[in-house]
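> Coordinates for the following, if possible.
(one chain, ligands or ions: 3)
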Amino acid sequence: MADVKKIAVIAGDGIGPEVVAEAEKVLKRTEELFGYQFETEHALFGGIAIDEKGTPLPEETLQVCKSADAVLLGAVGGPKWDNNPKELRPETGLLGIRKALGLFSNIRPAVIFDCLKEASTLKPEVLEGTDLIVVRELTGGIYFGEKFRREGANGQEAVDTCVYNVNEVERIARQAFEIARTRRKKLASVDKANVLETSRLWRETVVRVAADYPDVELEHVLVDNCAMQLLRRPSSFDVIVTENMFGDILSDEAAMLTGSIGMLSSASLGEGSFGLYEPVHGSAPDIAGQGIANPIATVLSVALMFRLTFGYHDAAEAIERAVKEVLDAGHRTGDIAVDKSQAIGTVAMGDLIVNAMRK
Ligand SMILES: NC(=O)c1ccc[n+]([C@@H]2O[C@H](COP(=O)([O-])OP(=O)(O)OC[C@H]3O[C@@H](n4cnc5c(N)ncnc54)[C@H](O)[C@@H]3O)[C@@H](O)[C@H]2O)c1
Ligand SMILES: CC(C)[C@H](C(=O)O)[C@@H](O)C(=O)O
Ligand SMILES: [Mg+2]
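Numbers count the residues shown, from 1 in each chain. Ligands and ions are numbered 1, 2, ... in the order given. Presented below is the predicted three-dimensional model:
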């Protein structure tokens, strides 16, 4: 019997549906070229789910995800729902889905295409050889700690607590060491151990785990220094492992090494092969509905899904090669175009990539 892979598709809000539509064309082309079979099921999540179901993460959406082999997500959020305590709070939306699906590890590769060096804010000679992955802890830290308001001596106070337990640090550290082993065997563990107790536990734990990986070179970098070194010596990083909030910030910074946040794909994984795949960027309300968003981050997220959840390395390579070929031929969406007047739209970029895919 044919091995049909079930993919939950969550388009979301803003540019989410625009970029996900291009990724779905890539799924269809993969079926034609390679004979793999996908069964997609669409589900509501985010602002659109609030509007239609009264809640950002309806139970049926969670069930669709849980019964799938992988999830393809666009982006959620937007001014209509943000900051409204009753509506799209991250803890009930994105954070809720990550926790509910046990996705503690967020893998964000910053892949530099040579022909896009001109779009980067860094000099080409500084970028030379840059190829790094941010491994971000995704279900702990200050994102998930207790938060509350209280009356203090000088008026209202807000409290966010940052908590990590040793198991949470150990499992993400092991995963990062394993990834480093398959690459250039260098791991930078990023923390703020000069100030934060959670970071001291983080560092101690990473040092202990490192004993099992003597073949991997480990460096500890304080997060402020890392933010600077990413711009100064990006090519010296191979795998960066860090806690939730630092990883959020550093991965957006790493995106600019590639030229645009519209280029950065991601995989969120748990213990098994199940994964949620999404671009690192958000719903980009400033350009939503204009058909100009870059779909490459989402398309490359499909390639990650093929590699990490399905083991379809041939199809993943076909996608990555097609993206490179289209960029090498000079096609650009506005975010990566030096000459903005030559920029093409989301659908045109998706079509070019699909047509460039070969077995
Ligand atoms: N995973 C997610 O769903 C996710 C991630 C980040 C932000 N958000 C949400 O998205 C909303 C907007 O957040 P933001 O503006 O801070 O971040 P954003 O990533 O949506 O946009 C930041 C900037 O990058 C540009 N950009 C983003 N993706 C692009 C693409 N594919 N092509 C071209 N340009 C692109 C936008 O136009 C904008 O100028 C908020 O509600 C936020 O909470 C969601
Ligand atoms: C929208 C927000 C909650 C989210 C995060 O901080 O994790 C986003 O920035 C991301 O990087 O996926
Ligand atoms: Mg982010």
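> Spell out which residues of the stretch 201-350 of the chain are next to ligand 2.
D248, V280, G282 (C-beta under 6 Å from any ligand atom). In short, each C-beta sits where N, CA and C put it, glycine included.
> same thing but 8 Å
N244, M245, D248, S251, D252, S266, E278, V280, G282 (C-beta under 8 Å from any ligand atom).
> Turn those residues into a markdown table, including secondary structure and neighbour count.
What follows is those, written out as a markdown table (DSSP: H, G, I helix; E, B strand; the rest coil; neighbours: other C-beta atoms under 10 Å):
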| residue | secondary structure | neighbour count |
| --- | --- | --- |
| N244 | helix | 24 |
| M245 | helix | 16 |
| D248 | helix | 18 |
| S251 | helix | 24 |
| D252 | helix | 16 |
| S266 | strand | 24 |
| E278 | strand | 27 |
| V280 | coil | 24 |
| G282 | coil | 19 |
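> wait, which of those is closest to ligand 1?
G282 (2.3 Å; C-beta to the nearest ligand atom).
> so that closest one touches P79, yeah?
No. G282 is not in contact with P79 according to C-beta atoms under 8 Å; the separation is 11.6 Å.
> what about the longest helix along the chain and ligand 1, touching?
Longest helix of the chain, by residue count under DSSP state H: helix 16-34. Yes. Helix 16-34 lies within reach of ligand 1 by C-beta under 8 Å from any ligand atom, at G16, V19.
> So which bits of that helix are buried?
16-27, 29-30 (16 or more other C-beta atoms under 10 Å).
> Does the helix or strand following that helix pack against any helices or strands, and if so which?
Scanning forward in sequence from helix 16-34 by DSSP states H and E, the next helix or strand is strand 37-42. Judged by 3 or more C-beta pairs under 8 Å, 6 or more residues apart in numbering; DSSP states H and E, strand 37-42 is in contact with strand 4-12, helix 16-34.
> Does L276 fall in a helix, a strand, or a coil region?
strand (DSSP: H, G, I helix; E, B strand; the rest coil).
> go on, R321?
helix.
> Just to check, it is in contact with R358?
Yes. Applying C-beta under 8 Å, one finds R321 in contact with R358, separated by 7.4 Å.
> neighbour-wise, which of those two wins?
R321 (14 against 10; other C-beta atoms under 10 Å).
> from what I can see F274 touches T309, true?
Yes. With contact defined as C-beta under 8 Å, F274 reaches T309; the gap is 6.6 Å.
> the more surrounded of the two?
Counted by other C-beta under 10 Å, F274 and T309 do not tie: T309 has more neighbours, with 22 against 19.
> does V71 have beta-bridge partners, and which?
Following DSSP bridges, V71 is listed with bridge partners A8, L276.
> wait, is G289 part of a helix?
No. Assessed with three-state DSSP, G289 is coil; it does not lie in a helix.
> Which parts of the stretch 51-200 of the chain are helices?
Secondary structure of the stretch 51-200 of the chain, counting by DSSP state H, counting those that start in this stretch: helices at 59-66, 94-100, 124-127, 166-181, 197-210.
> tell me which residues in the shortest one are buried?
The one in question is helix 124-127. Of all the residues in helix 124-127, those buried under the rule 16+ other C-beta under 10 Å are V126, L127.
> The longest one now?
With burial defined by 16+ other C-beta under 10 Å, the residues of helix 166-181 counted as buried are E168, V169, R171, I172, A173, R174, Q175, A176, F177, I179, A180.
> now swap in the last one and tell me
For helix 197-210, the buried set under the neighbour-count rule, 16+ other C-beta under 10 Å, comprises T198, S199, L201, W202, R203, T205, V206, V209, A210.
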